[in-house]
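Novice: sharing a model prediction with you, sequence too.
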Protein chains: 2
Amino acid sequence: MFQALFQTFDDTADPTLGASRLRDLRAALKAQDLDGFLVPRADAHQNEYVAPCEERLAWLTGFTGSAGFAIVLPDKAALFVDGRYTVQAREQVDAASFTTVNIGDSSPSDWLGAEARKGARIGYDPWLHTPAQVARFTAAVEKAGAELAAVAENPIDALWADRPAPPHGAVTLHARKYAGESAEKKLEKIAAALKSDALLVSDPHALAWAFNLRGDDVAHTPIALGFALVFRDGKPELFIEPVKINRKVGAYLASLAALAPPAQLAARLAALGKAGKSLSFDAATAPAKLIQSFTGAGGKLDTAADPIALMKARKNLVELAGARAAHLRDGIALTRFLCWFDAKAAKGKLSEIGAAEALESFRRESGELRDISFPTISAFGPHAALPHYRVTDKSSVTIGKGVYLVDSGAQYFDGTTDVTRTIAVGRVSKRARRINTLVLKGHIAIARAVFPRGTNGAQLDSWARRFLWEAGLDFDHGVGHGVGSYLSVHEGPQRISKLGGTPLEPGMILSNEPGYYREGDFGIRIENLVAVEPRDIAGAERPMLGFETLTLAPIDLRLIEKKLFSREEKDWLNAYHLRVRRSLAPHLDAQERAWLKKATVSI
Amino acid sequence: MFQALFQTFDDTADPTLGASRLRDLRAALKAQDLDGFLVPRADAHQNEYVAPCEERLAWLTGFTGSAGFAIVLPDKAALFVDGRYTVQAREQVDAASFTTVNIGDSSPSDWLGAEARKGARIGYDPWLHTPAQVARFTAAVEKAGAELAAVAENPIDALWADRPAPPHGAVTLHARKYAGESAEKKLEKIAAALKSDALLVSDPHALAWAFNLRGDDVAHTPIALGFALVFRDGKPELFIEPVKINRKVGAYLASLAALAPPAQLAARLAALGKAGKSLSFDAATAPAKLIQSFTGAGGKLDTAADPIALMKARKNLVELAGARAAHLRDGIALTRFLCWFDAKAAKGKLSEIGAAEALESFRRESGELRDISFPTISAFGPHAALPHYRVTDKSSVTIGKGVYLVDSGAQYFDGTTDVTRTIAVGRVSKRARRINTLVLKGHIAIARAVFPRGTNGAQLDSWARRFLWEAGLDFDHGVGHGVGSYLSVHEGPQRISKLGGTPLEPGMILSNEPGYYREGDFGIRIENLVAVEPRDIAGAERPMLGFETLTLAPIDLRLIEKKLFSREEKDWLNAYHLRVRRSLAPHLDAQERAWLKKATVSI
């Protein structure tokens, strides 16, 4: 039978330990003369997926969501989560120990500013916060007459008896045939772009891109935890645990950079600071600890942005060709799954977990699957109304008649995928069909968009909402996030969102995923990945851009109201489905091919 | 015959005086131990229209554009203008004395940072710059090892022999039947919104709104130059030249506020600063002089935004009713003009100036015209490709066959208007018709927009560009600016622009004016004013908004390609024209009515 190797369905919620752990932590704080402590859900790189040893927030509170923050004071403790996690927090956390606060109502720093007593010393682990976060908390506590104090060792680590060891995933080289550009050339480009003496690379995704390396330290994203220094003049320095680097990889990396263990980096930065060097850094990921080491020794910070993020976002021709190959492979797997799903779900015996296991199994059949790019969201009915639903043994339901949403993705050497399809099981309501059509019209508006160079994602985001807005509806997430190349499925700075100020440039890969969510009822999302491409237009007076849709899988025609489409929208959908059919059919068996033909019929 | 009372067509360009005036200024600077001087085109309120006595930039350089900046150094002088004014600057300015710099290529502060010699003292008039501007120049010159020095008297004023006296336009009260809310109530609301001890009101438009007063100090905008202090607790203080206030007005204003001459304000702010008060201010208009007086005495600045701008932007029901009345009156005048224009222009004897004079005359016929809201842009052929074209005796051409653009507006007690129509004279090219249709489709997309509360103008701006973008075309200005109520025709913070971050709220009035400009060939712009209004939509899950189009005048059907319209677009245009016809016809003579019927025929 099908199985999932890259995703678990455990429900680790256990509110019962919260009280005792909180008591232990308070005792430890008191011993260190601290009146409070900040517990972010973060590692030293502000990663989205963190190693198990970094799950201090879950250890302390029981809360396992991907974003959260706790503050422990002598007589109060609060857990801050965003809107999508308030229900989950209620179930996972001991309410007698922790007050759950919606982060939209009060930020952790505002809360701390209001609650900290005069003279209090609030501890924090300087590896787990960026300088800007520290500055925000410092300002808040100083207003309250309290102070913020960096701790040398995180007190949770000493209390956490069975804390897992830090990950030591093997570092591998990302082959030139996938990367399309040598690490030597990339490092030269980075050095040439620097306005400061040195750049601290603290984002492991940037590290992976710059050195053409990959790792195995966290789930779903093939990164190696580590840092680097790139100099305007001089050989780069790479800080990765030596145990993760075998001889062959080490020999190659040594040709690019001086290698050293991460534990030496703080001292190295202090030496640079003492020598009066200027340093630029990635403000979104650099740990305060390292920046404090540098400035504490007299170093000058440069506020220019880290140049790597933008270089990494603009995929080269080899990466784009890889993305197309990855999407063809992924489209075959998803389409085979969808065919299988239609037959299976109709029998009323398929669970959300069963569907997720099957989908991963279809993906593995190519023999090329490295990982899934995030835990599959397999959501039926009201579960689909939770945009970040995680299916567990406890939550999983049998898929019945109604709307099923599956959001999933894969990691292949040649590319990262992310795709959502919303599927009708049996007859669905006219209302769901109508709204799904409005969402699809928005999706098509983005897919068909043509825009001048210089346009940013904030200028396009509303195009995907227009039809929902006309019906008085909307959804509360951006239309698209950037996607890496065998890297993170969530990559910046490119995005299609109200906040997306970065101009879109050729080669950038983004998701196009408008949706609609009706709490307790149903949810819809239609997601393809797209790549920004130049567009030649007869008579054009400016350089123009558009999107190439990369994802290849049918969009459920049983969920649309044909009459709501314009001629252009129908043309787009028919052309897309023709391309899907022609691309995938040769790779399917006869039954699947027959299913696909029907699923992609011209409307 | 027709005449213009509110607009001149003088061409005041006279490059011949530049050299001697520059020489005189340099001598005066030397006498004051200064090595340079900043000459902005600004008054003490950063007004768009300034009094003649403030036209120091024009006096010095000859340049009469509405935006510009000069920097005078011992051996160099530069005039900075934006792209729309480079041609005009070349004609008006002595190139041997002043280098004209496109402000897009180098900002004045960057230029000064590069050109100022070490140890140089660069003077500036602290009344004519905001604190942020002073900070930017200070940072630039300090990097160059030079210093910025405030002067007590502007050295140009001593050299400018025939400098006009400051304006002493009479202050009038803006009747409650137009304002819709008493000044007492407004001042209470402002005080209640303050988080600081006091608010410095430096924008005369804000002053006019808050105190329900109007003035006659500058062209086209009925403002009284002056300042005010509004306190969280205590009576407001109003700083306006006493000579401008007659006994009746003075008695009323004295009931609202303590009255004092503006010359006392700096000392008053110093006293507040000394007393340890906190002050908020409008960063876009407050003169550095006043802020320096306050902080120099130890006062604490509050960075919270001035609350008046947003209150003023949200028109109340009385102001909205006034706007509708003003637009009906204005639409009658414009439509009568357009009917007259069609007959007159066909004969090939009408000049751009003649058309502007006629339009103002039609507007005056209502007996209600207070002023035009800006100099009419009357532009034929290539002139229309200049979005801010000002017609002069020298530039004015006879209107022949082709595309004519007229952008104009009026000030009435009950409202301010701004409208642009693009008109076909004789047969025009298919290309012009096609592009005009694309512009109109963009205009209609904004007019028909429905969006949830919280949406800002940046999210809508691209809707007006989509059809141009599909053809590889675009235009380089925002889609819409805010408009005041018998105040400025350019009002913030509301705008429809890539930079428009302020959420649109019911009652805000904005322009909807996409365009297209082809240098040396032709220009197109279609502009109506719109008011944000709540929208009831069946089944809506969120509070939704839309636009009520206020402007009433036909859009030229001879310039459209019917087949490019969707059903919805045709429906909008036909419904708009039906509304125009029904509203205006009763106020027209038989000939005009016949013309309007044809001009608004259903397509």
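Specialist: Ah, there it is.
Novice: tell me the centre residue of chain A?
Specialist: Nearest to the geometric centre of chain A sits residue A:490, at 3.4 Å (C-alpha atoms, centre = their mean).
Novice: correct me if wrong: it contacts residue A:49.
Specialist: No: shown here, residue A:490 and residue A:49 do not form a contact pair, counting by C-beta atoms under 8 Å, at 9.8 Å. Yep, even glycine has a C-beta here, placed from its N, CA and C like the rest.
Novice: what is the mean pLDDT for stretch A:199-217?
Specialist: For stretch A:199-217, mean pLDDT is 98.
Novice: now do the same end-to-end measure for that stretch.
Specialist: 23 Å (C-alpha to C-alpha, to the nearest Å).
Novice: gap between that stretch and the chain center?
Specialist: On the basis of C-alpha atoms, centre = their mean, to the nearest Å, stretch A:199-217 sits 16 Å off its chain's mean C-alpha point.
Novice: same question, stretch A:497-517
Specialist: 14 Å.
Novice: tally of neighbours for the nearest residue to residue A:232 once chain neighbours are set aside?
Specialist: Setting aside the residues directly before and after it, residue A:232 is nearest to residue A:194 in space (C-beta to C-beta, 6 or more residues apart in numbering or on different chains), at 4.6 Å. Neighbourhood size, residue A:194 [other C-beta atoms under 10 Å in any protein chain shown]: 20.
Novice: give me the below-cutoff pLDDT ranges for chain A.
Specialist: A:12-13 (pLDDT under 70).
Novice: so which bits of it are right by chain B?
Specialist: A:449-452, A:455, A:458-463, A:466, A:469-474, A:498, A:518, A:537-542, A:544, A:566 (C-beta under 8 Å from any C-beta of the partner chain).
Novice: quick revisit: residue contacts, the residue lying closest to the residue nearest to the centre of chain A once chain neighbours are set aside?
Specialist: Once flanking residues are discounted, residue A:490 sits nearest to residue A:481: 5.2 Å by C-beta to C-beta, 6+ apart. Residues counted as contacts of residue A:481 (C-beta atoms under 8 Å, 6 or more residues apart in numbering or on different chains) are A:490-492, A:495-497, A:510-511.
Novice: biggest helix in chain A by residues?
Specialist: The longest helix of chain A (DSSP state H) is helix A:317-346.
Novice: okay, buried residues for the helix or strand just after that helix please.
Specialist: Scanning forward in sequence from helix A:317-346 by DSSP states H and E, the next helix or strand is helix A:352-364. Buried residues in helix A:352-364, counted by 16 or more other C-beta atoms under 10 Å in any protein chain shown: A:352-364.
Novice: next one: helix A:352-364 to chain centre, how far?
Specialist: Per C-alpha atoms, centre = their mean, the displacement of helix A:352-364 from the mean C-alpha position of its chain is 21 Å.
Novice: how much does that helix deviate in direction from helix A:317-346?
Specialist: With axes from the mean of the first three to the mean of the last three C-alpha atoms, to 10 degrees applied, the angle from helix A:352-364 to helix A:317-346 works out at 140 degrees.
Novice: strand partners of the helix or strand just after helix A:352-364, parallel vs antiparallel please.
Specialist: With elements assigned by DSSP H and E, the helix or strand that comes after helix A:352-364 is strand A:371-372. Note on strand A:371-372: by DSSP bridges, its sheet partners are strand A:410-412 (antiparallel).
Novice: quick one: contacts of the partner strand?
Specialist: For strand A:410-412, the surrounding residues in contact (C-beta under 8 Å, 6+ apart) are A:220-222, A:325-326, A:329-330, A:333, A:363, A:368-373, A:416-417, A:486.
Novice: what about residue A:488, which SS state?
Specialist: Three-state call for residue A:488 (DSSP: H, G, I helix; E, B strand; the rest coil): coil.
Novice: contact partners for it?
Specialist: A:48, A:205, A:221, A:223, A:416.
Novice: count of residues packed around the last one?
Specialist: In this case it means residue A:416. Per other C-beta under 10 Å, the neighbour tally for residue A:416 reads 31.
Novice: on that earlier part again, go through the contacts of residue A:481 and name the one nearest chain B.
Specialist: residue A:497 (10.5 Å; C-beta to the nearest C-beta).
Novice: OK, contacts around the closest one?
Specialist: A:457-458, A:461, A:478-481 are the contacts of residue A:497 under C-beta under 8 Å, 6+ apart.
Novice: distance to residue B:176 added to those residues, as TSV?
Specialist: Listed next are those as TSV, based on distance: C-beta to C-beta, whole Å:
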residue	distance to residue B:176
A:457	47
A:458	41
A:461	43
A:478	46
A:479	47
A:480	50
A:481	52
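Novice: can you pick out the most distant pair from those?
Specialist: Spatial extent of the contacts of residue A:497 (C-beta to C-beta) is set by the pair A:458 and A:481 at 13.5 Å.
Novice: next one: the residue in the stretch 301-450 of chain A positioned nearest to chain B from residue A:504, what distance?
Specialist: As assessed by C-beta to the nearest C-beta, chain B sits closest to residue A:450 within the stretch 301-450 of chain A, at 5.1 Å. Applying C-beta to C-beta, to the nearest Å, the value for residue A:450 to residue A:504 is 12 Å.
Novice: cool, residue A:248 as well?
Specialist: 39 Å.
Novice: the more surrounded of the two?
Specialist: Using other C-beta under 10 Å, the more surrounded residue of residue A:248 and residue A:504 is residue A:504, with 26 against 10.
Novice: now do the strands in the stretch 451-600 of chain A.
Specialist: For the stretch 451-600 of chain A, applying DSSP state E, counting those that start in this stretch gives strands covering A:480-482, A:491-496, A:509-512, A:515-518, A:522-525, A:528-535, A:544-549.
Novice: now render those strands as CSV, adding distance to residue B:30.
Specialist: Formatted as CSV, the strands of the stretch 451-600 of chain A follow (distance: least, C-beta to C-beta, whole Å):
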stretch, distance to residue B:30
strand A:480-482, 57
strand A:491-496, 50
strand A:509-512, 59
strand A:515-518, 68
strand A:522-525, 70
strand A:528-535, 56
strand A:544-549, 54
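Novice: out of these, deepest packed?
Specialist: The highest average neighbour count among these, using mean count of other C-beta atoms under 10 Å in any protein chain shown, belongs to strand A:509-512 at a mean of 27.
Novice: among the contacts of residue A:488, name the ones in strands.
Specialist: Among these, DSSP state E puts residue A:416 in strands.
Novice: return the closest of the contacts of residue A:488 with respect to residue A:129.
Specialist: Nearest to residue A:129 out of the contacts of residue A:488 is residue A:48 (C-beta to C-beta; 16.2 Å).
Novice: now the closest one: how far from chain B?
Specialist: Using C-beta to the nearest C-beta, to the nearest Å, one gets 27 Å for the distance from residue A:48 to chain B.
Novice: next one: phi and psi at that residue?
Specialist: phi -70, psi -50 (degrees, to the nearest 10).
Novice: which residues touch the nearest residue to it once chain neighbours are set aside?
Specialist: Closest residue in space to residue A:48, ignoring its immediate chain neighbours: residue A:490 at 5.9 Å, by C-beta to C-beta, 6+ apart. Residues counted as contacts of residue A:490 (C-beta under 8 Å, 6+ apart) are A:48, A:481-483.
Novice: nearest to chain B, out of the residues you listed: which one, please.
Specialist: residue A:481 (17.9 Å).
Novice: between the contacts of residue A:488, which has the most around it?
Specialist: Using other C-beta under 10 Å as the neighbour criterion, residue A:416 leads the contacts of residue A:488 with 31 neighbours.
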